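A.B. asks: dropping a prediction and its sequence here:
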Amino acid sequence: MVMIKTNVAEIKARLSEYLDRALAGERIVICRHNKPIAELRPIAEVRVEPRPIGPLPGRPAFEVPPSFFDPLPDEDLALWEGVTDPDAQVPASAAGAAGRVADKPGQFGRTNKHKPARRRRL
């Protein structure tokens, strides 16, 4: 693969030519004050056919067992719903166990009453 070093002014002046060279497979390193800052190269081809749906070739199909659809035990269900005490059936957020993001209104940010008065220029 061919690689060319060039400066920004040269790229600006002859961009179409360098784009054609990139399409031909060349890599162009763009420099500013003789320091590389970017690279112009062709991108990979985009897939046009849709991806196959299903298992990967050579692997067995995944089957969902019938037990997957059974209801969860009460203990697991309580954990998913955030219940602290399974007997009380009270969610953790209602019991106050979870912290709140903003306990006081207006705690984060300023309101107009705290802004200093603007002075008029004469």
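C.D. replies: On my side now, so go ahead.
A.B. asks: could you pull up phi and psi at the residue nearest the centre of the chain?
C.D. replies: Centroid-nearest residue in the chain: Val46, 20.9 Å away (criterion: CA atoms, centre = their mean). Taking degrees, to the nearest 10, you get phi -90, psi 140 for the backbone angles of Val46.
A.B. asks: and it, how far from Ala22?
C.D. replies: 16 Å (CB to CB, to the nearest Å). (Glycine included, C-beta is placed from N, CA and C.)
A.B. asks: can you show me the helices along the protein?
C.D. replies: 8-13, 15-23, 74-81, 92-95 (DSSP state H).
A.B. asks: what residues does the longest one touch?
C.D. replies: Yep, that's helix 15-23 we're talking about. Helix 15-23 has contacts (CB atoms under 8 Å, 6 or more residues apart in numbering) with 4, 6, 11, 28, 40-42.
A.B. asks: which among those residues end up buried?
C.D. replies: Buried residues within the contacts of helix 15-23, defined by neighbour count using 16 or more other CB atoms under 10 Å: 11, 28, 40.
A.B. asks: in CSV: those, plus pLDDT.
C.D. replies: Formatted as CSV, the buried ones among the contacts of helix 15-23 follow (pLDDT from 0 to 100):
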residue, pLDDT
Ile11, 94
Ile28, 94
Leu40, 92
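A.B. asks: which parts of the chain are strands?
C.D. replies: Counting by DSSP state E, one finds strands in the chain at the ranges 3-7, 27-32, 35-40, 83-85, 90-91.
A.B. asks: would you reformat those strands as CSV and include distance to Val64?
C.D. replies: Output for the strands of the chain, formatted as CSV (distance: least, CB to CB, whole Å):
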stretch, distance to Val64
strand 3-7, 52
strand 27-32, 48
strand 35-40, 47
strand 83-85, 27
strand 90-91, 30
